[in-house]
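K.L.:
could you work out the structure for the sequence below:
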Amino acid sequence: MTDITKVRNIGISAHIDSGKTTLSERILFYTKKIHKIEEVKGKSGVGATMDFMDLEREKGITIQSAATYCEWKNYVINLIDTPGHVDFTIEVERALRVLDGAVLVLCAVAGVQSQSITVDRQMTRYHVPRIAFVNKMDRAGANPIRVMEQLRDKLGHNAHMITLPIGAEDKFRGIIDLIEMKAWYFDGDNGENIRIEEIPAEFLEQAKEYRHNLVAALGDFDDDVAHLYLEDKEVPADQLQKAVRKATLTLKFIPVVCGSAFKNKGVQLLLDAVTYYLPNPKESINEAHDQDKNEEKVILESVAEKPFVGLAFKLEDGRFGQLTYMRIYQGHVSKGDFIVNSTNQRKVKIPRLVRMHADEMHDITTTQAGDIVALFGVDCASGDTFTDGTVHYTMTSMHVPDAVISLAVSPKDKTTSANFSKALNRFSREDPTFRVHRDEESAQTIISGMGELHLEIYIERMKREYACEVNAGKPQVAFRETITQKVPFVYQHKKQTGGSGQYAKIAGYFEPLPADSVELYEFVDEVVGGKIPREFIPSCDKGFQTQLKKGLLIGAPVVRFRAVVDDGAYHAVDSSDMAFQVCAQTAVREFYQQCKPVILEPIMRLQTQAPEEFQGSVVGQINQRRGIIMSTATTNKYVQVDAEVPLSEMFGYSTDLRSATQGKGEFQMEFLKYSPVPRNVQEELVKLYQEKRAAENK
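P.N.:
Residues are numbered from 1 along each chain as shown. Prediction:
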């Protein structure tokens, strides 16, 4: 078994296109997990190891987080490469939930971008210590010092360089290690031959200045370093290294290293930094809740001898059935052992235990606290806790953001409907942000997710993995109708055929319920003197309700409607339950237009955040969508706009917002209330409904 202090569970997270997958590929190469480097969009068409889905290779983006493990200088590194696109944010959430440390990759040119801010927020939520890696030092405009300053200004971090570049852009030759005060050069085709020399004379002064700043900052975390600094003495490299580690683990300090993954420079130094400065599983505080003691908090210890506790954080439908990724927090588990799912108390046997290397599996027989492994044949949901049955602990699952966009979908070919259901069922189990429901009114299957790209990818996966072509349309907005005026009515229903006929007469009035009424429909019986026999009163109520299911303007349900019956007549032979039902239905149809009906639409509460330089564009877009701005506020150079906007105008908003804010805008949306649509919109909706009806009747 591996020494647990030599284990590092790390994630690589960043804004889209910062070079995370390229960096993962270099790490695998230098740790001898792969023997040939492939590029994300390489000419070979093979694609990077960690982007193993066909779709990822085509689009050149990471869609799913991929796990692997490697060894570096006697350390075992479990590595998860996560997506950078905001639509796949759940993949980052679930990876950070189970990791002990992270590498925040930043582009040396673009610096801190919008998704870097989101990822940083997620790291803070799960108390994950991090190292910042300033990548793409070979690009024109690369400036790691500016990126370090952005880490301080935009993210509020106490960030300090622990390496400096030797040259930049096309003159980028190597790296200065500020701890050891040596220059590193990376020779050979893939930078695998390391040459360590003295720092070139022209960079020595800058190196001394940044080492001095680093020592000053670390004095706050280590008294010995502080004394040496105040006495103006040299701090030995090993002492400085310990101080950087101590400071990083407090989450109040971020060491910044730089390099170029693409040009194979600086990755080995980053690997050293991961082993030196990021925590081992014993140094992370992991809590569970004891269900037998009223959810009392328990600190889990990364010790193999303790009772087993593990968290299933990701599911994947592999070639051999369901693959469950699990982080082992306490104890140990072996192939063939029985484990218990804390959620439903089901006992399951582990038929197969594997370590994942992207989409390859390496069988193992046993695993212990601190490991990240995958199990086969264990049926569970994402976020379930497993134990050995001697304890009843559950771990908190991850934060799942609300869906922001929906689409109506149906299989193009009826013969593929079984595959369609199978795919939707699988995707919603694997991805908590992908939701499926059936809209009873429009009889459509509605899928909801984090953005248009998110749903697009799933529709494409249905086509490829399940041979199921999908029709995707705009979802039907759930409109309603209501009345605005009180109108008295009298209606007589009389039908004479051979034998007994039908007779019913009712009178009363229709009126709107108040706008804030909880009741959507109210029936009031004010009949006296037996004008209508008691047994026929419920028939009137039923008749009104049947007719109100489909309004006469656009066929939408009618709400906020009160029907009062105070008079009527009946026939001893011809009156019946059916006669009074038909009478009530027809009364609504006859008098509905006199009640001045209007169409109601769902109004959403919209909250949009973007950098303040885009405030004009954001407000303009909301106004164009018939939105009403309720308030605007600015904090930390970010503006937040609160507005009320009709749902029917919100389709395509995420794409428009991103293009107007250079991808930096974010929004949340939730249902607020129903409100009448403007007259011109009502006329348009009625016209469309009538055309549709006419086409159906032809």
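
K.L.:
what is the burial count for Asp642?
P.N.:
15 (other Cβ atoms under 10 Å). The C-beta positions use only the backbone N, C-alpha and C, and glycine is treated the same way.

K.L.:
quick one, what contacts it?
P.N.:
605-607, 629-632 (Cβ atoms under 8 Å, 6 or more residues apart in numbering).

K.L.:
what about burial for the residues you listed, which qualify?
P.N.:
606-607 (16 or more other Cβ atoms under 10 Å).

K.L.:
from the contacts of Asp642, which land in helices?
P.N.:
Among the contacts of Asp642, no member is found in helices (DSSP state H).

K.L.:
what about the contacts of Asp642, which are in strands?
P.N.:
605-607, 629-632 (DSSP state E).

K.L.:
now distance to Ser500 and pLDDT too, for these, in JSON lines please.
P.N.:
Formatted as JSON lines, those follow (distance: Cβ to Cβ, whole Å; pLDDT from 0 to 100):
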{"residue": "Arg605", "distance to Ser500": "56", "pLDDT": "80"}
{"residue": "Leu606", "distance to Ser500": "59", "pLDDT": "84"}
{"residue": "Gln607", "distance to Ser500": "63", "pLDDT": "80"}
{"residue": "Ile629", "distance to Ser500": "64", "pLDDT": "94"}
{"residue": "Met630", "distance to Ser500": "61", "pLDDT": "91"}
{"residue": "Ser631", "distance to Ser500": "66", "pLDDT": "87"}
{"residue": "Thr632", "distance to Ser500": "70", "pLDDT": "89"}
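
K.L.:
which among these gets closest to Cys380?
P.N.:
Nearest to Cys380 among the ones in strands among the contacts of Asp642: Gln607, at 34.3 Å, using Cβ to Cβ.

K.L.:
from Arg658, how far out is the closest one?
P.N.:
Note on Gln607: its distance to Arg658, by Cβ to Cβ, to the nearest Å, is 16 Å.

K.L.:
just curious, which of the contacts of Asp642 is nearest to Ser302?
P.N.:
Gln607 (39.8 Å).

K.L.:
quick check: next helix or strand after the helix or strand of the chain with the lowest mean pLDDT?
P.N.:
Of all helical and strand segments in the chain, the minimum by mean pLDDT, DSSP states H and E falls on helix 54-59, at a mean of 51. Sequence-wise, the next helix or strand downstream of helix 54-59 (DSSP states H and E) is strand 66-72.

K.L.:
helices or strands up against that next one?
P.N.:
helix 20-30, strand 75-81, helix 267-277, strand 352-357, strand 372-376 (3 or more Cβ pairs under 8 Å, 6 or more residues apart in numbering; DSSP states H and E).

K.L.:
just send those back as JSON lines, with distance to Pro611, mean pLDDT and mean neighbour count too.
P.N.:
Converted to JSON lines, those look like this (distance: least, Cβ to Cβ, whole Å; pLDDT from 0 to 100; neighbours: other Cβ atoms under 10 Å):
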{"stretch": "helix 20-30", "distance to Pro611": "23", "mean pLDDT": "82", "mean neighbour count": "25"}
{"stretch": "strand 75-81", "distance to Pro611": "28", "mean pLDDT": "82", "mean neighbour count": "24"}
{"stretch": "helix 267-277", "distance to Pro611": "29", "mean pLDDT": "93", "mean neighbour count": "22"}
{"stretch": "strand 352-357", "distance to Pro611": "38", "mean pLDDT": "79", "mean neighbour count": "20"}
{"stretch": "strand 372-376", "distance to Pro611": "36", "mean pLDDT": "84", "mean neighbour count": "22"}
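
K.L.:
of all the ones you listed, which lies closest to Glu511?
P.N.:
That would be strand 75-81 among the helices and strands packed on strand 66-72, by Cβ to Cβ, at 61.4 Å.

K.L.:
in the stretch 501-650 of the chain, mark out all the strands, start to finish.
P.N.:
With strands called from DSSP state E, counting those that start in this stretch, the stretch 501-650 of the chain shows them at 502-512, 521-525, 561-569, 598-611, 628-635, 638-646.

K.L.:
do you know which of the ones you listed lies nearest Gln122?
P.N.:
Within the strands of the stretch 501-650 of the chain, the stretch nearest Gln122 is strand 598-611; the backing value is 15.7 Å (Cβ to Cβ).

K.L.:
and the closest one, which residues are buried?
P.N.:
Under the neighbour-count criterion of 16+ other Cβ under 10 Å, strand 598-611 has 598-604, 606-611 buried.

K.L.:
farthest-separated two in those?
P.N.:
Maximum distance among these (Cβ to Cβ): 39.8 Å, for Val598 and Pro611.

K.L.:
and Gly377, how many neighbours?
P.N.:
Gly377 - counted by other Cβ under 10 Å - has 14 other residues nearby.

K.L.:
OK, contacts around it?
P.N.:
With the criterion set at Cβ under 8 Å, 6+ apart, Gly377 makes contact with 321-322, 348-352.

K.L.:
with Arg438 instead?
P.N.:
So Arg438 contacts 444-446 (Cβ under 8 Å, 6+ apart).

K.L.:
quick one: least confident of these?
P.N.:
Among the contacts of Arg438, Gln444 carries the lowest pLDDT, at 80.

K.L.:
skip the chain neighbours and tell me the closest residue to that one.
P.N.:
Ala408 (4.2 Å; Cβ to Cβ, 6 or more residues apart in numbering).

K.L.:
correct me, but that neighbour touches Gly473?
P.N.:
Yes. Using Cβ atoms under 8 Å, Ala408 is in contact with Gly473, at 4.9 Å.

K.L.:
more neighbours, the two?
P.N.:
It is Ala408, of Ala408 and Gly473, that has more neighbours when counted by other Cβ under 10 Å, with 17 against 10.

K.L.:
help me confirm that the more buried one is found in a strand?
P.N.:
Yes. Under DSSP: H, G, I helix; E, B strand; the rest coil, Ala408 sits within a strand.

K.L.:
specify the beta-bridge partners of it.
P.N.:
Ile446, Gly473 (DSSP bridges).

K.L.:
state the distance from it to Val524.
P.N.:
Counting by Cβ to Cβ, the gap from Ala408 to Val524 is 38 Å.

K.L.:
can you check Asn78 too?
P.N.:
68 Å.

K.L.:
got it, and Gly156?
P.N.:
61 Å.

K.L.:
hang on, the earlier thing: closest to His127 among the buried residues of strand 598-611?
P.N.:
Gln609 (23.6 Å).

K.L.:
wait, isn't that closest one in contact with Lys637?
P.N.:
No. Distance between Gln609 and Lys637: 11.1 Å, which falls outside the contact criterion (Cβ under 8 Å).

K.L.:
those strands in the stretch 151-300 of the chain, which residues are they?
P.N.:
Using DSSP E, counting those that start in this stretch, strands in the stretch 151-300 of the chain cover 159-161, 163-166, 174-177, 182-187, 193-197, 254-258, 286-290, 296-300.

K.L.:
redo the helices and strands packed on strand 66-72 as TSV? Include distance to Ala423.
P.N.:
What follows is the helices and strands packed on strand 66-72, written out as TSV (distance: least, Cβ to Cβ, whole Å):
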stretch	distance to Ala423
helix 20-30	26
strand 75-81	25
helix 267-277	38
strand 352-357	23
strand 372-376	21
